[in-house]
Structures are given as C-alpha cells and as structure tokens.
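Asker: got a predicted structure plus its sequence, pasted below:
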Amino acid sequence: MLLEALNSVLNSKRQTKRIITLAVDSFFIAISFWASLVIRLDNLSVFSNINYWLILSGLLPISILIFVKLGLYRAVLRYMSSQAVWAVVAGTMLSTAALVLIAFFSTTGMPRTMPLIYCALILLTVGGARLLVRALVTQFNGSNKQPVVIYGAGSAGRQLATGIVIGQEYYVSAFIDDDASKYGSVIQGIPVISLIELKDLISAGKAIKVLLALPSASRSQRNRIINSLEKYQVKVQTIPGIKDVIEGNFNASELIDVEIEDLLGREPVTPLPQLMALNITGKNVMVSGAGGSIGSELCRQIIKFKPTKLVLFELSEFALYEIEKELSEYIDKNGLKIKLYPLMGSVQRVNRVENIMMAFNINTIYHAAAYKHVPLVEHNVVEGIRNNVFGTYYAAKAAINAGVETFVLISTDKAVRPTNVMGASKRMAELALQALSQASFNKKTRFCMVRFGNVLGSSGSVIPLFRRQIQEGGPITLTHEDITRYFMTIPEAAQLVIQAGAMGKGGDVFVLDMGDSVKIKDLAEKLVRLSGLEIKDENNPNGDIAIECTGLRPGEKLFEELLIGDNVQDTFHERIMTANEAMLSWEDLEPLLNNLDKMCHNFDHESIREILLNAPTGFNPTDGICDLVWAARQPADDTKPVSAEIIKLSRA
C-alpha cells in the first residue's frame with residue numbers, strides 16, 4: 001500500500017509534486033529546529049518561548065527559498081543524482097548559517113551546539129527522505145526489470161549503469177573488467193567480477209545480456225572481447241554511441257547488436273588529408289549514383305573537404321531527395337559555402353551527362369552509378385551491360401569532351417576472372433577507361449579505377465538479412481557453406497576511393513587492401529551466438545537457429561579475388577595497391593564496343609555472351625544465359641538456359 005501510494009504521488013502532475021515536496025521539507029525544517037532544541041536543552045519548555053517561534057518564522061521561508069534557488073525542486077526524486085545531493089548539503093549549510101544569524105540579531109539566547117544538531121537533523125530528514133524515496137521506487141520498479149552485465153567498469157561503464165537505473169527495462173547485476181585489481185570491489189553498489197564468473201551469473205538468471213562500454217578500446221581489442229563472450233549463451237549488445245551515454249542521452253530501448261565491424265576486428269586506417277583534399281578542395285566535383293550506398297558516402301566525405309560545387313547525379317528520385325536533404329542540412333549546420341546541385345538522370349544519356357559536366361565546369365568525377373546485384377544482372381543482361389559498360393563509357397567520353405581533370409570509376413572484386421555478367425560488365429568498363437586514358441583524342445582527363453569487395457551496410461549486404469532471419473527464429477540461409485567474402489566499412493571504402501583517385505596517373509587500376517577474407521558461415525554462427533542463441537545442427541538438434549545452404553546463385557563465386565595476376569605494386573598508402581592488368585588499345589576496343597552495342601540493341605544474347613567471352617575480361621561463366629526476357633522468348637521445349645559448356649564449344 002505504501003509503495004502504491006508513493007508511486008501515485010510520483011505519477012501526479014509536476015506542480016502537485018513540487019507543492020507536496022515543499023510542504024514535507026517545511027515540516028522537516030520545523031521538526032529539526034524543535035528537535036535540536038529539545039535534544040540540547042533536554043527540556044520541553046522551549047515550545048512556550050515566543051522568541052523561538054519568531055526565529056522559526058524567519059528561518060522557515062529563508063531555508064525554503066535557499067533550496068529553491070539551489071534547484072532542489074527541479075530534481076526528480078526517483079532519479080536523484082549527485083547534483084541533487086550536493087544541493088541538499090549546500091542548502092543545509094546555508095540554512096544553518098541563517099539560523100545562527102537570525103538568533104544573533106534577535107538577541108535570543110541559544111546553545112552554541114544547537115545549530116550543529118540542527119544541521120545534522122536537516123541532512124538526515126531532507127536528504128535522507130529523498131534517498132529513501134529513490135530506494136523505494138527503485139525496489140518497486142525493479143521487480144520487473146531484467147538483469148544485465150556491463151563489460152567495462154570505467155567512466156563509460158559507470159555512466160551506462162546510471163542510465164540503466166533511470167530506465168524501466170533493466171538493472172545492472174555486475175560489471176566485468178579486464179583489470180584484475182578491480183575484482184571484488186563495488187562500484188555504485190554494483191560488484192566487479194572477472195569474465196570467468198559470468199557463467200555463474202547466467203546460471204543464476206542474473207545476466208540475460210552483456211552490454212559493451214568500451215569507447216577507448218581498439219577494434220581488435222573489441223574483437224578479442226567479443227570472441228571471448230561467444231562461448232557464453234548470452235546476448236551481447238552495445239549502444240549507438242557511448243557519447244550519448246556520457247552526455248546523458250542514453251535510452252535503454254536504443255540498445256543494438258554488436259557492430260559487424262567489431263566482429264571483423266580489422267583496424268581502419270586514418271585517411272591522409274593531403275590525398276583526400278587533392279581532387280576536392282576548391283574544385284567542382286560530380287558524383288554519379290550519388291544516392292547509392294557508396295555514392296552517398298562519397299558525398300559525405302567530399303563535403304568535409306570543401307569543394308566549390310558538388311553535383312549529385314542520380315536516377316532514383318527518392319534517393320536523390322534523401323542525400324540532397326542530408327547534405328544541405330550538414331552544409332547549413334556547419335556554415336559551409338558549398339553549392340549543391342541535385343540532378344536527375346541516367347548515365348546512359350550521354351547528352352545529359354556531357355551538358356551537366358560542361359554547365360558546372362566539373363573538375364573531378366566519381367562514377368559510382370552501376371548495377372551491382374549479381375543475380376539481378378544475370379536475369380537482366382542487356383540492362384546490366386547498358387548501365388555498367390555503356391553508362392561508364394558515355395560518362396567517360398563526356399568527361400573528355402568537357403575537359404574533366406580526373407575520372408574515378410568505382411569497380412569491384414567481381415571484375416577479376418568474372419563468373420557472372422555483372423563482373424564481366426565491370427571489367428569491360430575498366431577496359432574502356434584504360435583504352436580512353438591512352439587514346440589520342442584524350443588530352444586532359446586522367447582515368448583510374450578502384451576495386452574493392454563487399455561493403456558493410458550496402459544494398460544487398462548479407463548482414464541485415466542474417467539479423468532479420470535470427471529475429472524471426474531462423475533458419476539462416478547461405479548459398480554455400482564454404483563461401484568467403486572480403487568486407488570493408490562504407491566510410492573506409494569511400495575514403496580509400498578518394499585517396500586512390502588522387503594518386504592516379506592515367507589508366508591505373510587500384511586495389512584496396514581488404515584484409516583477410518571472411519567465411520560467411522563463420523560470420524553467421526558468430527551472429528547467432530552473440531544473440532544469446534545456439535546453433536541448431538546434427539550435434540545440437542535442440543538448438544535455436546539452423547543454418548541452411550541453398551546452393552550458389554546464378555553467376556556466384558565461392559571465393560572473390562582482387563587481382564587478375566600477381567603483378568601488383570605498393571603505393572605510399574599502406575592500404576592501396578596498383579595492379580598492371582591486360583588492356584586493349586582504343587583502336588581495338590572501339591569496334592568491340594560498337595558490336596556489343598548493336599547486339600544489345602537487337603537483344604541477341606548469344607552474341608552478347610560470345611563478345612564477353614572473346615574480350616580480355618577473363619569471363620568464365622558458371623551458368624548459361626539466365627536473362628528472363630531471353631528465356632521467355634524461347635520455344636516451350638527449350639526454356640532451359642544455354643549452358644556455359646555449349647557456349648564455350650561454339651567458340652572453339
């Protein structure tokens with residue numbers, strides 16, 4: 001009943017609670033005043049002394065006014081902080097000083113030790129009552145909270161614990177820390193334990209989650225800690241930014257799963273400012289595919305180095321609206337003098353592209369517009385080639401005609417010995433730029449290409465898919481249990497693209513150091529275990545999440561590569577290499593492109609496949625022709641894709 005009444009008061013209107021608190025504090029001040037006199041004089045006759053009543057009549061409003069000025073009534077009792085405690089202490093001292101002054105000027109005889117007793121009683125009543133309310137509310141509301149453990153007993157961990165106390169969902173049962181000197185100590189009423197003791201907490205039902213509070217830890221250190229937590233059946237989470245916790249903006253509902261970057265454990269390299277700025281600062285820059293995952297991040301990095309103009313070229317109206325709105329807000333917030341131009345259009349319309357480059361006097365182009373999804377390009381061959389090959393070719397020809405200084409193509413590791421049309425189309429785009437870089441009519445434009453693997457969080461990334469499948473109870477679907485991929489974060493990839501472009505001399509093929517390739521099955525298993533769940537397989541039929549292999553999709557490779565040959569050279573940037581790849585002269589490539597253009601116009605898929613096989617792309621398809629339009633046009637008894645073996649035999 002007491003707790004229910006207390007909760008009812010706490011849930012009342014703010015003004016009502018302040019009035020109640022003022023009344024209670026007034027009562028405590030009066031009680032402390034009379035109790036201190038009675039205790040010191042050991043005589044109840046003090047109540048009949050009119051002078052004492054006069055002193056109290058002056059002390060009471062002065063003390064309340066002091067507490068108001070110190071902000072004591074702005075503090076929420078249930079979330080009482082150290083600031084409120086200090087307000088109580090300071091208010092008590094000032095109230096005691098007021099008592100001494102009033103007694104002195106009223107010439108009323110008062111024992112010298114009485115103010116000391118009064119001071120102690122005020123602290124005990126006014127301060128103690130608040131602590132009692134907080135304890136009762138915490139006890140009352142904590143009955144439905146779930147136990148969590150915080151990894152990291154430093155300042156960030158303590159701030160996180162304070163934020164959790166305020167919330168309604170969790171309570172902290174323990175801190176885990178790597179510092180052995182902290183073991184057995186108690187911080188903010190919470191014990192500090194070692195990692196090996198976590199198993200006992202889980203068994204006792206006192207840990208359903210481990211929250212990481214490690215803002216200063218490197219990515220490799222976080223990876224080591226996460227790996228050590230994998231063997232425990234407990235969910236591992238973090239918060240969007242420890243900065244929010246330190247600034248008091250933490251919300252328990254905002255807990256998120258461990259970032260995939262922490263699972264990879266590779267440290268990002270700090271970009272070199274001189275390379276980042278070389279093709280951007282004070283220049284007119286254009287990004288094609290500006291609304292895509294890579295294109296949009298390129299734009300975010302570019303505006304940090306203050307171009308004069310930034311042209312956003314994008315086919316998708318909504319994607320263009322989103323990135324233009326975001327960048328405009330950033331420019332306004334930071335007081336930048338950058339002219340932003342959101343332009344819609346397709347890179348396949350050469351007149352549109354060339355007119356834009358000339359109108360805005362473009363100096364640097366980052367060409368990110370492409371179709372990148374392997375199975376979709378397999379099913380839409382002509383459009384894939386139109387966009388990836390001819391979109392790049394048209395943009396490059398427009399750049400030459402407009403006198404653009406630097407043209408950077410965002411390429412892919414799938415262009416290396418491609419087994420699918422998407423990879424072959426990107427290798428053809430590279431060949432076009434290599435040929436144009438040495439063409440006699442190109443007097444000014446430097447072309448370079450940058451290859452890298454999968455970027456985390458890009459469209460088509462497997463990580464969001466795996467997490468959704470885990471939330472839905474599984475199964476997780478893989479195409480093959482041995483499939484591996486390279487991974488890099490989008491910001492790091494964009495920074496390296498900009499830096500590689502600044503090093504280009506003409507026709508360069510740059511390759512980004514993606515670290516070690518990652519086995520996708522291992523990544524999926526790690527995500528399951530860090531969700532506090534178990535893998536369901538033959539060895540553990542009662543597990544939570546099964547992993548199923550569905551077979552490789554059309555054109556998909558088990559292992560991706562970044563180089564065609566071994567002829568690779570280092571640059572002065574530790575994560576960027578340059579490759580010397582086979583190329584064609586413009587005189588040899590132009591008729592090939594013209595023929596490919598004609599075959600695309602005629603939807604002659606057999607001839608398109610033949611051209612891609614004969615060109616120096618290294619195309620080695622694992623599947624036959626998978627274009628959906630082509631398949632629909634085949635006779636009813638011949639609807640199967642033409643096999644790669646038949647196409648190869650036709651070449652011979």
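Answerer: Great, that's in hand. Values in this document were obtained by computation on a predicted structure and should not be read as measured data.
Asker: buried residues of stretch 619-637, list them for me.
Answerer: Phe619, Pro621, Asp623, Gly624, Ile625, Cys626, Asp627, Trp630, Ala631 (16 or more other C-beta atoms under 10 Å). No exception for glycine: its C-beta is placed from N, CA and C like everyone else's.
Asker: domain ranges for this structure, per the record?
Answerer: Domain ranges of the chain: 2-140, 145-258, 273-453+487-514+561-579, 587-651, per automatic domain parsing.
Asker: deepest-packed of the ones you listed, please.
Answerer: domain 273-453+487-514+561-579 (a mean of 21; mean count of other C-beta atoms under 10 Å).
Asker: any idea how far Glu581 is from Ala207?
Answerer: 53 Å (C-beta to C-beta, to the nearest Å).
Asker: next: Gln434.
Answerer: Using C-beta to C-beta, one obtains 8 Å as the distance from Gln434 to Glu581.
Asker: find residues that contact each of those two.
Answerer: Common neighbours of Gln434 and Glu581, counting by C-beta atoms under 8 Å, 6 or more residues apart in numbering, are Val509.
Asker: avg pLDDT for the longest helix anywhere in the chain?
Answerer: Ranked by residue count and defined by DSSP state H, the top helix of the chain is helix 14-41. Summarised as a single mean, pLDDT over helix 14-41 is 80.
Asker: what's downstream of that helix, the next helix or strand?
Answerer: helix 50-69 (DSSP states H and E).
Asker: just checking, what packs against the next helix or strand after that next one?
Answerer: Next helix or strand after helix 50-69 toward the C-terminus (DSSP H and E): helix 82-105. When contacts are defined as 3 or more C-beta pairs under 8 Å, 6 or more residues apart in numbering; DSSP states H and E, helix 82-105 packs onto helix 50-69, helix 114-122.
Asker: and the one helix or strand Leu431 maps to, what does it pack against?
Answerer: For Leu431, the host element (DSSP H and E) is helix 421-438. In terms of contacts (3+ C-beta pairs under 8 Å, 6+ apart), helix 421-438 is packed against helix 374-379, helix 381-385, helix 391-402, strand 406-410, strand 446-451, helix 586-601, helix 605-614.
Asker: gap between Tyr170 and Ser203?
Answerer: The gap separating Tyr170 from Ser203 is 19 Å, by C-beta to C-beta.
Asker: rank the buried residues of stretch 619-637 by pLDDT and give me only the lowest.
Answerer: Within these, pLDDT is lowest for Asp623, at 82.
Asker: and that residue, that one's in a helix?
Answerer: No - counting by DSSP: H, G, I helix; E, B strand; the rest coil, Asp623 is located in no helix; its state is coil.
Asker: that one reaches His379, doesn't it?
Answerer: No - applying C-beta atoms under 8 Å, one finds Asp623 not in contact with His379, separated by 10.9 Å.
Asker: and Ala546, helix, strand or coil?
Answerer: strand.
Asker: that older thread, the inter-axis angle of the helix holding Leu431 versus strand 446-451?
Answerer: 160 degrees (axes from the mean of the first three to the mean of the last three C-alpha atoms, to 10 degrees).
Asker: on that earlier part again, now the helices and strands packed on helix 421-438 in JSON lines, with mean pLDDT and distance to Leu552?
Answerer: Formatted as JSON lines, the helices and strands packed on helix 421-438 follow (pLDDT from 0 to 100; distance: least, C-beta to C-beta, whole Å):
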{"stretch": "helix 374-379", "mean pLDDT": "90", "distance to Leu552": "10"}
{"stretch": "helix 381-385", "mean pLDDT": "94", "distance to Leu552": "18"}
{"stretch": "helix 391-402", "mean pLDDT": "95", "distance to Leu552": "27"}
{"stretch": "strand 406-410", "mean pLDDT": "93", "distance to Leu552": "25"}
{"stretch": "strand 446-451", "mean pLDDT": "89", "distance to Leu552": "22"}
{"stretch": "helix 586-601", "mean pLDDT": "93", "distance to Leu552": "26"}
{"stretch": "helix 605-614", "mean pLDDT": "92", "distance to Leu552": "19"}
